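1. Test case, fold it:
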Amino acid sequence: MAEPTVENIYTSSTERVQTWLEGRTLHIRFNNPAKHNALSVDMWEAVPPLLAIARDDDRVRLVVFSGAGDKAFVSGADISQFEDMRAAREAVAYYEKMAETTLMGIHDFPKPTLACIRGFCIGGGVNVAISCDIRIASTDSVFSIPAARLGLGYRYSAMKNLVDLIGPGAAKDLFFTARRIDGVEAKALGLVSRACPPDGLPGLLAEYSAALAENAPLTVMAGKAITREILKVSPEVDNELCASLIKGCFESADYAEGRKAFMEKRKPVFTGR
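-> Residues are numbered from 1 along each chain as shown. Below you'll find the predicted structure:
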């Protein structure tokens, strides 16, 4: 990715999220390369205030999310905070609320958003990507949703975004198996809009930045809003059931085993309890 070329007029609350305005495009870059841009608590918290500023900034017509370096977009949760932030029930509730607020903030942002993906896009990285309107990726990127290997509950909104994007069959394939796919298969499934060789990604991103800078912003935002109305959930959805199922996963012995195995870098042994 190109380095910032104009003065950074947006201030992030953490150095692990970089941000700058370049023309009509606001860049938000996850900057935790030592841990493959795994999402720490402060990284989740930094995004909503930036979007709040961008919402009312007439200069911004596109928000681009990317990861620092060429190894990862986002590789999931910051492992060093995994035990502290996700072990206790209260911490789980806070973490989930925080992540949900950030992801829905991206999803509901009125202006176009784009995930520019190179390298690992795992777990929470996929959630960030599918919360965006458009995803572009290098062909050597790696995608996976490893919730089933960790005993994690996968929130309704994230599952709905995935199903809306690639359909129930492909969504269940990726979710049930937790298998990894590359950018080529991700493009074939519809998980990303376009894929290209790694050296072509900056040019592809520039193409989108130029198009959104030139096209009528009111027309684009109207199209986004109308699409969101089309995809609204049915009134028959049992939200309480969904919430209770997710809570059950996080309160299970399997979740404790999955978390422990993850920290110990071994395969978990699940019992269904």
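
2. Please count neighbours and contacts with C-alpha atoms only from this point.
-> OK.

3. For C196, list the residues it contacts.
-> For C196, the residues meeting the contact criterion (C-alpha atoms under 8 Å, 6 or more residues apart in numbering) are A137, S138, T139.

4. Let me see the ranges of the helices in the protein.
-> Secondary structure of the chain (DSSP state H): helices located at 41-55, 82-86, 89-108, 124-131, 147-150, 156-166, 168-177, 183-189, 201-214, 217-230, 239-250, 253-264.

5. Among these, show me which one is buried the most.
-> Of all the helices of the chain, helix 124-131 carries the top mean neighbour count, a mean of 25, counting by mean count of other C-alpha atoms under 10 Å.

6. Need the residues that contact that one.
-> Helix 124-131 has contacts (C-alpha under 8 Å, 6+ apart) with 39, 73-77, 103-104, 106-107, 114-115, 135, 143-145, 158, 161-162, 165, 191.

7. Check stretch 219-236 too.
-> Outside of stretch 219-236, the residues within contact range by C-alpha under 8 Å, 6+ apart are P110, K111, P112, D164.

8. Recalculate using a threshold of 6 Å.
-> If you take C-alpha atoms under 6 Å, 6 or more residues apart in numbering as the criterion, stretch 219-236 is touched by K111.

9. hang on, the earlier thing: which one (most neighbours) among the contacts of C196?
-> A137 (31 neighbours; other C-alpha atoms under 10 Å).

10. hang on, A261 packs against Y255?
-> No: between A261 and Y255 there is no contact under C-alpha atoms under 6 Å: 9.7 Å.

11. can you list residues touching both of the two?
-> Taking C-alpha under 6 Å, 6+ apart as the contact rule, A261 and Y255 have no neighbour in common.
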